[in-house]
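**Student:** structure here, sequence nowhere to be found:
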């Protein structure tokens, strides 16, 4: 039996991709990335269905289902790639005596905060509200 999670990369056997609880039964795998991808996909599907004017019909249900399924996979993949890139950018402990540990991670967090402070937050907020109001 398969589960509805996003496809995983690698050549691990299916049994290792769906961990079982202590009693041998498969357990529910639900991550914040899956929830975020599914909710974004639902919004995308609703927009596509309303754009084509098929919302509320049987064809609309089929279109929404297909769009939501494809969009969930695309969003989940995008989130996985982003996570991998962030992990690559974070400093890793090394055996050659380079600095590592909480201090290095704290420095990386401070650098992100520094860049976030430089963003034009007022313009971002105004743009977001404008797009939201236009979408109504």
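**Tutor:** Happy to help now that I have it. What you see is a predicted model, and the numbers here were worked out from it, not measured in a lab.
**Student:** give me the number of residues near residue 68?
**Tutor:** 20 (other CB atoms under 10 Å). Bear in mind the C-beta positions are built from the backbone N, C-alpha and C, glycine included.
**Student:** correction: the previous question concerned residue 59.
**Tutor:** Other residues near residue 59 come to 13 when the count uses other CB under 10 Å.
**Student:** where does residue 29 sit: helix, strand or coil?
**Tutor:** Put simply, residue 29 is coil when judged by DSSP: H, G, I helix; E, B strand; the rest coil.
**Student:** pLDDT score assigned to it?
**Tutor:** Looking at residue 29, its pLDDT is 76.
**Student:** what's the answer for residue 106, then?
**Tutor:** In this model, residue 106 carries a pLDDT of 62.
**Student:** likewise for residue 130?
**Tutor:** pLDDT at residue 130 comes out at 90.
**Student:** contact partners of the strand or helix carrying it?
**Tutor:** According to DSSP states H and E, residue 130 maps onto helix 121-135. Residues from elsewhere that reach helix 121-135 (CB atoms under 8 Å, 6 or more residues apart in numbering): none.
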